[in-house]
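**Student:** got a sequence here, can you model it:
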Amino acid sequence: MTTPDFDGDTYSRQRDHARLEKQWKQVRDLMSDGLWHTLAEMSSRLGFPEASVSARLRDLRKDKFGGRVVERRYVLNGLWEYRLLPLT
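**Tutor:** This is a model prediction of the structure:
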């Protein structure tokens, strides 16, 4: 299955697709455990910037990337956790 193109005014398939696809797959795989994770934890475990992890979570919610449900909950002091719900 081919990963759809990503979005953004500055997106170039030739330059960006392979990198963003790798990030998207790794974020999806990590989140598939159904547990709660912070952006900092995911960034540390995967080696991607927090902004990139956040963007890939937004991608997971888009129809063209599967329309997955990514829940979020507030922890404290501006800290949020995220989890990916299983496919139904």
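**Student:** for stretch 71-87, list every residue counted as buried.
**Tutor:** 82, 84 (16 or more other C-beta atoms under 10 Å). Quick note: C-beta positions are derived from backbone N, CA and C, even for glycine.
**Student:** where's that stretch relative to the chain centroid, distance-wise?
**Tutor:** 12 Å (C-alpha atoms, centre = their mean, to the nearest Å).
**Student:** can we start the residue count at 56 from this point?
**Tutor:** Taking 56 as the first residue, the last one we looked at is stretch 126-142.
**Student:** how far away is the nearest residue to residue 83 once chain neighbours are set aside from residue 142?
**Tutor:** If the residues on either side of it in the chain are set aside, residue 83 comes closest to residue 115, at 6.2 Å by C-beta to C-beta, 6 or more residues apart in numbering. Separation of residue 115 from residue 142 (C-beta to C-beta, to the nearest Å): 12 Å.
**Student:** mind listing the shared neighbours of these two?
**Tutor:** Here residue 115 and residue 142 have residue 123 as joint contacts, going by C-beta atoms under 8 Å, 6 or more residues apart in numbering.
**Student:** now the helices for the protein?
**Tutor:** 68-86, 94-101, 105-116 (DSSP state H).
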